[in-house]
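Peer 1: Provided below for reference: sequence and predicted model.
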Amino acid sequence: MTKINTLKTKESNYKAWNYVRIMDIASMGYATQFLTKEEVKEIALEVLPLVQKNYENWNLYYEDFIKGRIDWNSNDNDVYELKKIAKEITSYETSIYKVLPLNL
């Protein structure tokens, strides 16, 4: 939770990168039984309002995430495939990202 509190106040580039990393680590914590389902839910409920505050829609969120990934590793060849996947998962008609928009 300390990292989440830091993200609430700290100015940084590519916040989406950090939000994804927090949720990924929380998910891995749950998978390894280090965190409970309730703890992961609590983390998600802390992160989601930050995402909603900083991004108008899922496309902008993923664009920022990809920029953060490039900043983290500018030699990452997988980033081009990631851009394609992000575009696809947010664009098809039955996408969860259309069913559940970031900001209602």
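Peer 2: Cool, got the structure.
Peer 1: In terms of helices and strands, where is residue 80?
Peer 2: Per DSSP states H and E, residue 80 falls inside helix 79-91.
Peer 1: That helix packs against which elements?
Peer 2: Counting contacts by 3 or more C-beta pairs under 8 Å, 6 or more residues apart in numbering; DSSP states H and E, helix 79-91 is packed against helix 58-72, helix 96-99. (Each C-beta comes from the backbone N, C-alpha and C, glycine too.)
Peer 1: and among those, the most buried is which?
Peer 2: Comparing those by mean neighbour count (mean count of other C-beta atoms under 10 Å), helix 58-72 ranks first with a mean of 18.
Peer 1: Throw the helices and strands packed on helix 79-91 into TSV and include distance to residue 12 and mean pLDDT, thanks.
Peer 2: Putting the helices and strands packed on helix 79-91 into TSV (distance: least, C-beta to C-beta, whole Å; pLDDT from 0 to 100) gives the following:
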stretch	distance to residue 12	mean pLDDT
helix 58-72	9	94
helix 96-99	24	89
